[in-house]
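Enquirer: Got a predicted structure plus its sequence, pasted below:
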Amino acid sequence: MGPCDPNFLSCFLIVALPLLSFAVIMIFTWRRHRLSLAISLTCSTIPLILAWSLFFRLKDTVTLAKPIVTQVNWLVSDAVIVPFGFLLDPVSLLMLGIVATISWLIQIYSIGYMEGDPGFARFYADLSLFGMSMLSLVSASGMLQLFISWELVGLASYLLIGFWYEKFSASEAGKKAFVVTRFGDIGFFMGLVFLTFFMKDINIFGLGIFDINNAALTKKLTEAQFTLCALLIFCGVAGKSAQFPIHVWLPDAMEGPTPVSALLHSATMVAAGVYLITRLFPFFAASATAMTVVLVISTITLLLSSTIGMVAKDIKQVWAYSTVSQLGFMAMGLSAAALGGSTLFAGYYHLTTHAAFKALLFLCAGVFIHHFGTNDFFVMSKDGGRKLAIPMVTVTIGALALAGIFPFAGFFSKEAILAQLWHLPNKLWVGLGLFGAFLTAYYTFRVIFVMLFPRKDDDPVWQEYYVREEGGHGHGAHDDDHGHGGHHGVPWVMSFPLIVLAAFTLVLGFLQTPLEKFLLGESHPHEMNYVLLFSAVGCALGGIGVAWLDWGSANARWQGFIRKVPALENFFIQKWYMDHFWRWFLNTFIYGTFSRIFTYNDRRVVDGGVDAVAFSTIGSGRLLSFIQTAFVQLNLLFMVLVLAGVGLYLLMGR
Amino acid sequence: MLVFNQLETYLYLALLLFAIGLYGVLARRSLIAILISVELILNAASINFMAFNRFLAPHPAVGQVITLFIMAVAAAEAAIALSIIVAVYRKLKSINIEHATELRG
Amino acid sequence: MLIAPLVGLIILLLLKDEQKFLIRAVSLVSAGISLALSIYTFMAYDKGLGGLQFVEKYEMVKTFGITYFVGVEGLNAPLLLLTGIVIFTGVLTMWELEERTKEFFIWILALVTGVFGVFMSYDMFMFFLFYEIAVVPMYILILVWGSTRKEYAAMKLTLYLMAGSGLIIPGILMLYSASGLNTFNMLLLHKAHFSPWVQKVAFVLLFFGFGVLAAVWPFHTWSPVGHVAAPTAVSMLHAGVLMKLGSFAVLRVAMYLCPDGFHYWAQLMALLATVGIVYGVFVGLSQTDLKYVIGYSSVSHMGIVCLGLATGTVDGVNGSVFQMFAHGIMTALFFSSVGYIYDRTHTRDIHELGGFSRIMPVASAFFITAALCGAGVPGMASFWAELLVFIATVKVFPVQGLLAIAALVVGALFALRVVQTTFFNAPNPKFTHFEDVSPFLGLPRMMLIATLIFFGIFPQTMVGMIKSAVIPFLQGM
């Protein structure tokens, strides 16, 4: 259990190496790009190997009920004890592997994508920082350590989103991401603070995740306490996993370089929120009220983001909104499972498959963006996007998986979630879930069909869609350097990760049963629910079919069916006016009201009061200064008279 | 009894000197005159010390020591005062105290 | 430790104006010796044993019971370390100063002597004496070497602090006479058991008196103005160390001697502190001068210190002392990087600056680190301090605690806004020709960052130290 334990050591190395690389690059080698790359790659390859070796070594010995906990005390104050350590159970082992793999792949990919950027070394430093904090988040043994990594992940994301900091929109997006997730984290933090007291009442210090779950299973706390803490912690989840109504930062976060979008905003960081729910699954499950709230919010998120995804023209925006919607889907699955008394498998499974295929989709998008210097997939289509064979094939695989088509990974995991929803007494949820699946398939294939089947160059539709903005959207200085210049095919460092991820996407689907066995220690035989199966596949195929009619077939109108209802379309294009709402809120209340009033108060009332005292002192000095005639002898006379008076008084007085 | 052998004589002398000095300090307008008057006041104090020492004090030397001390202080004081007066003269071209009114409020 | 700056000061007095290098070297050496000594005491202090160590004691004025009585314990050891680090880096930061070099370093060393004295004294009279020694040089330092409205700022600062002293003296004398022990020794006075009425009155006097220096709301307006006007190293010392004198004195004198008074007024303290936290960030949000921004963030962070003290729990006071340390280092870093930029560009208006990450990557990295630390990012020392304070506060004063936590969001917004406008976006062509920080000038800033991160990663080294004193301290109350 101590620090010399081999498990502890290898976990520690997994976490510490990327941090080391961050520090070394930031302090010493930030001017030397090659060297920094070497350092960073070394420090991400070793954790990769360690993580998988841990996985294979321990996969038969640990279970959810009996994890390996190794920790040392980090900080001991009075009521606050923060342990530093690692909790190894199936959930964290698998996630460690996934995070390590994806960050490694992204680092490889970025060699090609970021080549020649002046901030190359800084980029790798930030990636390392991110890797460190995400790995520590995944394996943390205590909630406070998790919270710290959680914040560090936010910091890394801030740095990476605002990577091209000379662009106003990028630095603005970074700021927005940090502040909005901070907003959620405050809730998280308050939840932890309350939890500290509740746990202290039953003499458990240090907020170990395992202890919390045990307390939940044995009903040590009251229902109200669970609900309060669970809801507050869910605020943090909503912030990081971009759930309604604080999802607004995620689409803007696409201002960062595309590998960052792939790494942070699809596969790992945003999944942290959902991961937290799985981590504390028994705890969340202990409060039905909280889970209902989660269910409602995630459903809203699913529908909101799918509908916005239908009208976006920026390929990264589409994937971003699909990420938001899939995260909503996972949260739905988890909360439904909690309400239905089932296990965390469905949501977690979707988390893993989603990590693979969404990273794939983003990386493909990155290849296109890198090649064409634009984010608009209509432009890519016209400029011959389908000629890039490898990315086009892989992006189609990813899209099929996202839409939930057999035999790709998404099919199985979506199926599992829908089955959870099906078990709820209220069939509304499963209906909404199916509708979400339909929309997902539609907007995904809208992109694919547009890219695959471009119109002829003189087709009138281009007037509406072919708008080449100079400088692109979110790609700034980069494409001016070499984006336009080099139609140089796809470098192998970029296509290699694509192929690996595509392979994952294909394979993961068939690993459902072994994975379930590994996670839960047992595998439930699936009774095949044919009604559900057919309706799910039907929805997905229906979505694709509608997309085909709208965008794919030779005589399609190239107008979304939503165009029929212009008001609704506008509503979607304006992103349900959520951005407007927050902007208004910020301007009116924070800047407009509090800040102004307080500043005014400071200048006029507090400071003014003090100055008034000072000036009145000077003024009264002026008033009294008539005594000062500067006539020395008068003063002396006065002095002598007074002294004489005192002397007389002393002589006569007694 | 001889008039010289009485304490009162010396006290009256000192009082006279002090009164003259005080009058000088308060009434004369020339800085030099004021300085001289201050010396008179100091001398009055010295005479007092000597007189009390001679007629009342058990120890014969204390008063004389203090007188010597006063003389030293007076010399220093006169030096400083004269330098101030010179400075004032340089600035105002006058040593009349009525002209030194820069500190008026 | 006390002697080193003093000796340096005397040597400086003997040097000639022209020997600038020698002057700098002498002050650097004496600052370095104090730093080394403070590190030594920090390391050598035996936490297991606790209590006062390294004690020196001489009778000074027997009639009034004044003794020269200094010592080190868990509460002041971190602050001594802080002072050592800040003076050392401050001297290095002002290496380029050309105007009246000798006088500058003399005054700054005098100030530091006072600060060390305050932190170590256990005699109330000497405490106050050193307190004044520390405060007075500020006036001259700002008046002579300052900028932007320096006369106003210097006068305002001095008047405020003198008004504070005007409250402190009656407080101290009241306790002195009420005890009837004829001693200023705080350890003895602590055992005197004053009547509740005396404690209540004395506590208010002392709290507000020292609170002025700790920038307790609403007595904070001198501090942003003072920061703005002061030269770099003075801002560093001022915000980094001097403001801590106030909060430390509240802890050491007011709370220690008047526990009943403290319990009676704790609500008020917490309220003022919370107002300060929330108010500071909101006012800071609308400032455009870099130094004003930092000044108001200091107001907010000192609010956190006071809030921690007000809880009167082990966690709260631990966090509070830790925050004093962390904030000291952080603000020093802030001012030193702003000072560097200001010396080059002669403007601090955040709208006029811009894109400095491209022009001076290193200098802006320093500032950004400080800003992130101010926003409470983990991995930095102040995160732990805030964590402890907030957890303790929510328990004792739930409403204030939650408000203060909520202010963190605005705090983040406020820090990032400054970073964005100053360091990101397109560079202002006016400033593109400036050079980045040279390694030599970067050294002091690197030291500050290293300190922040060291205690961010190993908080136990600090908390264990503080705790060894806080637990007996609070048990005595």
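Expert: Good, I have the coordinates.
Enquirer: rest of the way, CA atoms for contacts and neighbours
Expert: Fine.
Enquirer: chain center to the helix or strand harbouring A:Val450, what's the gap?
Expert: A:Val450 is located in helix A:428-452, with elements delineated by DSSP states H and E. Its chain's C-alpha centre and that of helix A:428-452 lie 23 Å apart, by C-alpha atoms, centre = their mean, to the nearest Å.
Enquirer: top helix in chain B by residue count?
Expert: Under DSSP state H, the helix in chain B containing the largest number of residues is helix B:62-92.
Enquirer: and that helix, what does it pack onto?
Expert: Helix B:62-92 is packed against helix B:31-55, with contacts defined by 3 or more C-alpha pairs under 8 Å, 6 or more residues apart in numbering or on different chains; DSSP states H and E.
Enquirer: Next, the angle from the helix it packs on to helix B:62-92.
Expert: 180 degrees (axes from the mean of the first three to the mean of the last three C-alpha atoms, to 10 degrees).
Enquirer: Is helix B:31-55 in proximity to chain A?
Expert: No: Helix B:31-55 does not reach chain A (C-alpha under 8 Å from any C-alpha of the partner chain); its nearest approach is 9.8 Å.
Enquirer: For that helix, buried residues please.
Expert: B:31-35, B:37-54 (16 or more other C-alpha atoms under 10 Å in any protein chain shown).
Enquirer: and the residue of the stretch 51-200 of chain C nearest chain B?
Expert: C:Met155 (20.9 Å; C-alpha to the nearest C-alpha).
Enquirer: How many residues are close by that residue?
Expert: For C:Met155, the neighbour count with other C-alpha atoms under 10 Å in any protein chain shown is 17.
Enquirer: what helix or strand is it on?
Expert: Mapping C:Met155 onto the secondary structure by DSSP H and E places it in helix C:150-179.
Enquirer: Report all helices and strands that the following helix or strand past that helix contacts.
Expert: The first helix or strand that comes after helix C:150-179 along the chain, using DSSP H and E, is helix C:186-190. Using 3+ C-alpha pairs under 8 Å, 6+ apart as the contact test, the elements touching helix C:186-190 are helix C:256-257.
Enquirer: So which other helices or strands are in contact with the following helix or strand past the helix it packs on?
Expert: Using DSSP H and E, the helix or strand that follows helix C:256-257 in sequence is helix C:259-285. Applying 3+ C-alpha pairs under 8 Å, 6+ apart, one finds that helix C:259-285 contacts helix A:596-600, helix C:196-213, helix C:290-311, helix C:398-423.
Enquirer: on that earlier part again, can you mark which positions in the helix holding A:Val450 are buried?
Expert: A:429-430, A:432-452.
Enquirer: same deal with stretch C:450-461?
Expert: Of all the residues in stretch C:450-461, those buried under the rule 16+ other C-alpha under 10 Å are C:Thr451, C:Leu452, C:Ile453, C:Phe455, C:Gly456, C:Ile457, C:Pro459, C:Gln460.
Enquirer: cool, and stretch A:348-358?
Expert: For stretch A:348-358, a neighbour-count test (16+ other C-alpha under 10 Å) marks A:Tyr348, A:Tyr349, A:His350, A:Leu351, A:Thr352, A:Thr353, A:His354, A:Ala355, A:Ala356, A:Phe357, A:Lys358 as buried.
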